[in-house]
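what follows is a predicted protein model with its sequence.
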Amino acid sequence: MKLIRDIHAARQPGSKPVISFEFFPPKTEEGEKTLFEKTVPALLKLNPHYCSVTYGAGGSTREKTLGIAQRMQDEFGLLTLMHLTCVNATKEEIRSVVADAKSRGIDNILALRGDPPGGTGEFKATEGGFEYSHQLVSFLKELGGFSIGTAGFPEGHIACKEGREVDWSRLKAKIDCGADFVVTQLFFDNTDFLYFRDYLAKLGVTVPIIAGVLPIMGAGQIQRFCQLCGAKIPASLLARLNEFSGDDEGCAKFGVEFATRQCEELIREGVPGIHFYTLNKVPSTAAIMGNLGLAG
Ligand SMILES: Cc1cc2nc3c(=O)[nH]c(=O)nc-3n(C[C@H](O)[C@H](O)[C@H](O)COP(=O)(O)OP(=O)(O)OC[C@H]3O[C@@H](n4cnc5c(N)ncnc54)[C@H](O)[C@@H]3O)c2cc1C
């Protein structure tokens, strides 16, 4: 199946979740070599349904994202979801990236607004570009031929001052514009995800809400990530993380246990898909998949 919406449509309720792995384009040639020679072959053994490739801040990895997405499909036969943002791009520039993606056989796009350059401050649309991701969703829908994903925030988007419910009504608008599925930002408290999912259901959302799960690999690293994206670290988790300061190996082991428990509960709750933020690393995602009986 070439479209992610078809993979979800074919999944029987109550069966195993659809599994995807997220990768980012490495900065160096050496990093790209490791990605293709070691990381991807090792993770492919786990049989994910598809992978995704991020689009660098400020649209900085356009060529790399396209190239990696194409190689994932052509060389490894792994269906790929390409992330695409509106940052630093006019509508015509986005049209040309999308045409390029299509010509390379990429039919699945995660339509994002992107963050302001530097990751903080107020987002300013490029003249002749899009201000919000629902415009990109509509644009892709009009072009046709894509399965379109959109981002969801179980705690509300960091920049939405009006509260999480307002953010979620905007997410509903993105779906109404043509998004086929939602991939969430990382979260550590399943209660947030389940409340978000149920709230969306009450709004009439029926598309799959895919849980984004980040295996914790280091105490300092995860706190930096969460500060940037606004995800909360529950007090009990923070207390455990503080025990691993300076011990990334111990922390990663704990992270595997934590994510395993988190995913077990999500699966019991009938989550249709789990999207692992692999951070281009094999051991944690592989261990969690093994613990869940989802590997292979
Ligand atoms: C799964 C996932 C993958 C990601 N991948 C990438 C990536 O590859 N590259 C990257 O740069 N970033 C990525 N991001 C980060 C993302 O680009 C940022 O979180 C960004 O700030 C929001 O993107 P969005 O598509 O949700 O934006 P939008 O849906 O446009 O929302 C952005 C903000 O605007 C508000 N808003 C929306 N519509 C309206 C409206 N009509 N009026 C007023 N306010 C409105 C929303 O409430 C929100 O606060 C990813 C995020 C997720 C969850």
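Yes, it's here.

and the closest residue to L228 other than its chain neighbours, what element?
Nearest non-adjacent residue to L228, counting by C-beta to C-beta, 6 or more residues apart in numbering: G119, 5.6 Å away. Backbone N, C-alpha and C define where each C-beta goes, glycine included. Using DSSP states H and E, G119 sits in no helix or strand.

what packs against the host helix or strand of I210?
Per DSSP H and E: I210 is located in strand 209-213. With contacts taken as 3 or more C-beta pairs under 8 Å, 6 or more residues apart in numbering; DSSP states H and E, strand 209-213 sits against strand 181-184, helix 190-202, helix 248-268, strand 273-277.

then the very next helix or strand once past that strand to CSV, C-alphas only?
Sequence order places helix 219-229 as the next helix or strand after strand 209-213, per DSSP H and E. Coordinates of the C-alpha atoms in helix 219-229 are reproduced here as CSV (Å, rounded to 0.1, in the frame of the first residue of the first chain):
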residue,chain,number,x,y,z
ALA,A,219,18.2,13.3,31.4
GLY,A,220,19.6,16.6,30.2
GLN,A,221,18.6,16.0,26.5
ILE,A,222,14.9,15.3,27.3
GLN,A,223,14.6,18.4,29.5
ARG,A,224,16.0,20.5,26.7
PHE,A,225,13.6,19.0,24.2
CYS,A,226,10.6,19.5,26.4
GLN,A,227,11.6,23.1,27.1
LEU,A,228,11.6,23.8,23.4
CYS,A,229,8.3,22.1,22.5
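
need the contact partners of helix 219-229.
119-120, 158, 185-186, 214, 216, 231-233, 241-242, 244-245, 248, 251, 255 (C-beta atoms under 8 Å, 6 or more residues apart in numbering).

filter the residues you listed down to the buried ones, PyMOL style.
Listed next is the PyMOL selection for buried residues among the contacts of helix 219-229, using 16 or more other C-beta atoms under 10 Å:
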select buried, resi 158+185+186+214+216+231+233+241+244+248+251+255
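
can you list the weak-confidence ranges in the chain?
Along the chain, segments meeting pLDDT under 70 span 120.

quick check: residues of it near the ligand?
Taking C-beta under 6 Å from any ligand atom, the part of the chain that reaches the ligand is made up of 54-55, 57, 83, 85, 110, 112-115, 132-134, 151, 157, 159-160, 167, 170, 174, 183, 185, 212.

show me which of the residues you listed are buried.
For the residues of the chain next to the ligand, buried by 16+ other C-beta under 10 Å: 54-55, 57, 83, 85, 110, 112-115, 133-134, 151, 157, 167, 170, 174, 183, 185, 212.

rewinding a little: adding distance to Q73, write the helices and strands packed on strand 209-213 out as JSON lines.
Formatted as JSON lines, the helices and strands packed on strand 209-213 follow (distance: least, C-beta to C-beta, whole Å):
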{"stretch": "strand 181-184", "distance to Q73": "19"}
{"stretch": "helix 190-202", "distance to Q73": "30"}
{"stretch": "helix 248-268", "distance to Q73": "26"}
{"stretch": "strand 273-277", "distance to Q73": "18"}
